[in-house]
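Visitor: Any chance you could fold what I've pasted below:
(chains A and B)
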Number of protein chains: 2
Amino acid sequence: MDPSEVTVPPLKDLTIDNITDNVKLINGQCPDPRFKYILERLVQHLHDFARETRLSQDEWMTGIQFLTSVGQICTDVRQEFILLSDILGLSLLVDSIDHPKPPASTEGTVLGPFHSHEAQSEPNGAQIAHDPDGEPCLVLCTLKDTSGKPIDGVKIDIWETDSKGFYDVQYAGREGPDQRAVMHSDEEGVFWFKAIVPVPYPIPHDGPVGK
Amino acid sequence: MDPSEVTVPPLKDLTIDNITDNVKLINGQCPDPRFKYILERLVQHLHDFARETRLSQDEWMTGIQFLTSVGQICTDVRQEFILLSDILGLSLLVDSIDHPKPPASTEGTVLGPFHSHEAQSEPNGAQIAHDPDGEPCLVLCTLKDTSGKPIDGVKIDIWETDSKGFYDVQYAGREGPDQRAVMHSDEEGVFWFKAIVPVPYPIPHDGPVGK
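Guide: All right, here's what the predicted structure looks like:
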């Protein structure tokens, strides 16, 4: 937008108490009503947070530097902001809001930062994990609708870590995807594969969120 | 922290309504009371924001991608997260909270994203801006304490844009700093310099915040 076209409300003598309304007034020029509403609520909560905690300049700068490093470690195969959203509980919350769970269904969960689109399509019975240190695990699943009827032909995307708790994409110089597969449920809603017993794993420590 | 040392509270059957308390419980293991408090208030406001706006997965992803691009454009001479904080009014708010204005003093303002530490020390009367298209401007200032007494020997850091509204650091291949100087007030609290008349300038459009 050409800045000469914008009629900015006068902003003078800003105080701790009037700055929030002034910022809303400026951002209120946004023509999209949904975006305008989101921006308004974001500014309100951001300001309330700073006022409530009496956030200091040093703490603010620590936050700025943290968010910068979160952005800078992101690559095509690593989304550190999603990881941050995960540990703050925001990802699961948004998922719960956007996809309310029907009573008879399994709970949803979040995608997490280590999903990739490299998984190969595999037939039932495939060995999808090749870490020799992993404890073998046979996984047998049946996919049903909420009335208990099997569903066939559903695409299932599966991924897990190796026995050390790392996803394949966390290794530099890996040769290709491992511990990943895309499968399809058969006419009885069944899909099954050989993997390793999942291990608990920490938030990745090699980035700012883990730190 | 070794994950085996952490006693994580049981997190089961999370719902829109109990997730906030559960996240606080996990983050409540933080030993620093100030950090724990900030984290708790941050999570509360972040979750309230998402619940109030019924934030959708698509909107959340737009936010994630936006924050990622804000981090990725940051360099040593460009801090896009500070710019974002500026346009959301957060920078000025934190400054107001941290540095309350004494009654007889001039208002403070924010540093902005384009301050650099390259400015040369200049004597009174120096020409600090060299854009031939700028309208010349003589700036005469006196620095006084809140009782009106001049203060000498105060370091003043000055920077402005060129006539097109760009700071020197926004040009690739610039030769060195321009429109910048560090000066010191003399025994009468005076400092003065030759510059150009400041022009209004937009939020930089070459980054995600301007967009």
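Visitor: you'd agree residue A:27 is up against residue A:43?
Guide: Yes: the pair residue A:27 / residue A:43 is scored as a contact, 6.6 Å apart, by C-beta atoms under 8 Å. Every C-beta, even on glycine, is put in place using the N, C-alpha and C of the backbone.
Visitor: Comparing the two, which residue is more hemmed in?
Guide: Legend: neighbour count by other C-beta atoms under 10 Å in any protein chain shown for residue A:27 and residue A:43, higher for residue A:43 (23 against 17).
Visitor: Just the element for the more buried one, please.
Guide: Here residue A:43, judged by DSSP states H and E, is contained in helix A:33-53.
Visitor: now swap in residue A:141 and tell me
Guide: Per DSSP H and E: residue A:141 is located in strand A:136-142.
Visitor: what comes into contact with that strand?
Guide: A:150, A:156, A:185, A:188-198 (C-beta atoms under 8 Å, 6 or more residues apart in numbering or on different chains).
Visitor: Domain boundaries for chain A, per the record?
Guide: Domain ranges of chain A: A:3-55, A:114-196, per automatic domain parsing.
Visitor: among those domains, which gets the worst mean confidence?
Guide: Among the domains of chain A, domain A:3-55 carries the lowest mean pLDDT, at a mean of 83.
Visitor: Dihedrals phi and psi, residue A:121?
Guide: Residue A:121 adopts backbone torsions of phi -70, psi 130, taken as degrees, to the nearest 10.
Visitor: from chain A, which residue is nearest to chain B?
Guide: residue A:71 (1.1 Å; C-beta to the nearest C-beta).
Visitor: From residue A:116, how far out is that residue?
Guide: Counting by C-beta to C-beta, to the nearest Å, the gap from residue A:71 to residue A:116 is 20 Å.
Visitor: between those two, which one's more packed in?
Guide: residue A:71 (23 against 15).
Visitor: Which helix or strand contains that one?
Guide: Following DSSP H and E, one finds residue A:71 within helix A:57-72.
Visitor: chain center to that helix: distance?
Guide: When distances are taken as C-alpha atoms, centre = their mean, to the nearest Å, helix A:57-72 is centred 20 Å away from the chain's centroid.
Visitor: following that helix, which helix or strand shows up next?
Guide: Helices and strands here follow DSSP H and E; after helix A:57-72, the next one along the chain is helix A:80-87.
Visitor: Could I get the contacting residues of the residue nearest the centre of chain A?
Guide: Chain A has residue A:82 as the residue nearest its centroid, 3.7 Å off, counting by C-alpha atoms, centre = their mean. Contacts for residue A:82 (C-beta under 8 Å, 6+ apart) come out as A:91, A:111, A:112, A:113, B:64.
Visitor: Inside helices: which ones of these?
Guide: A:91, B:64 (DSSP state H).
Visitor: Output stretch A:147-162 as PDB, restricted to C-alpha atoms.
Guide: Only the C-alpha atoms of stretch A:147-162 are listed here, as PDB (Å, rounded to 0.1, in the frame of the first residue of the first chain):
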ATOM      1  CA  SER A 147     -20.000 -47.000  14.300                       C
ATOM      2  CA  GLY A 148     -17.300 -49.700  14.300                       C
ATOM      3  CA  LYS A 149     -17.400 -50.500  10.500                       C
ATOM      4  CA  PRO A 150     -13.900 -51.100   9.000                       C
ATOM      5  CA  ILE A 151     -12.800 -48.500   6.400                       C
ATOM      6  CA  ASP A 152     -10.700 -49.700   3.400                       C
ATOM      7  CA  GLY A 153      -8.300 -47.800   1.200                       C
ATOM      8  CA  VAL A 154      -7.400 -45.200   3.800                       C
ATOM      9  CA  LYS A 155      -3.900 -43.700   3.400                       C
ATOM     10  CA  ILE A 156      -1.900 -43.900   6.600                       C
ATOM     11  CA  ASP A 157       1.300 -41.900   7.100                       C
ATOM     12  CA  ILE A 158       3.600 -43.500   9.700                       C
ATOM     13  CA  TRP A 159       6.800 -42.200  11.200                       C
ATOM     14  CA  GLU A 160       8.900 -43.000  14.300                       C
ATOM     15  CA  THR A 161      12.300 -42.300  15.700                       C
ATOM     16  CA  ASP A 162      15.200 -44.800  15.700                       C
END
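Visitor: Pull out the buried residues from that stretch.
Guide: For stretch A:147-162, burial by neighbour count (16 or more other C-beta atoms under 10 Å in any protein chain shown) applies to A:158, A:159, A:160, A:161, A:162.
Visitor: a markdown table for those, including distance to chain B?
Guide: Formatted as a markdown table, these follow (distance: C-beta to the nearest C-beta, whole Å):
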| residue | distance to chain B |
| --- | --- |
| A:158 | 21 |
| A:159 | 19 |
| A:160 | 17 |
| A:161 | 13 |
| A:162 | 16 |
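Visitor: Now name the helix or strand holding residue A:156.
Guide: Using DSSP H and E, residue A:156 falls in strand A:155-159.
Visitor: Direction included, what does that strand pair up with?
Guide: In the sheet, strand A:155-159 lines up against strand A:180-184 (antiparallel) (DSSP bridges).
Visitor: Just the residues contacting the partner strand, thanks.
Guide: A:116, A:118-124, A:126, A:128, A:153-159, A:168, A:191, A:193.
Visitor: Following it in sequence, what is the next regular element?
Guide: With secondary structure assigned by DSSP H and E, strand A:180-184 is succeeded by strand A:190-196.
Visitor: For that following strand, what is the distance to the chain centroid?
Guide: Taking C-alpha atoms, centre = their mean, one finds the center of strand A:190-196 at 25 Å from the center of the full chain.
Visitor: Report the angle between it and strand A:155-159.
Guide: Here strand A:190-196 points in a direction 10 degrees away from that of strand A:155-159 (axes from the mean of the first three to the mean of the last three C-alpha atoms, to 10 degrees).
Visitor: Only the buried residues of strand A:190-196, if you could.
Guide: Under 16+ other C-beta under 10 Å, the buried positions of strand A:190-196 are A:191, A:193, A:195, A:196.
Visitor: from what I can see the second one touches residue A:123, true?
Guide: No: under the criterion of C-beta under 8 Å, residue A:193 is not in contact with residue A:123, lying 9.2 Å apart.
Visitor: Quick one: list the elements packing against the helix or strand in which residue A:94 is found.
Guide: Assigned by DSSP H and E, residue A:94 falls within helix A:90-98. The contact analysis (3 or more C-beta pairs under 8 Å, 6 or more residues apart in numbering or on different chains; DSSP states H and E) places helix A:90-98 against helix A:80-87, helix B:19-27, helix B:33-53, helix B:57-72.
Visitor: Quick one: end-to-end length of stretch A:190-204, please.
Guide: 33 Å (C-alpha to C-alpha, to the nearest Å).
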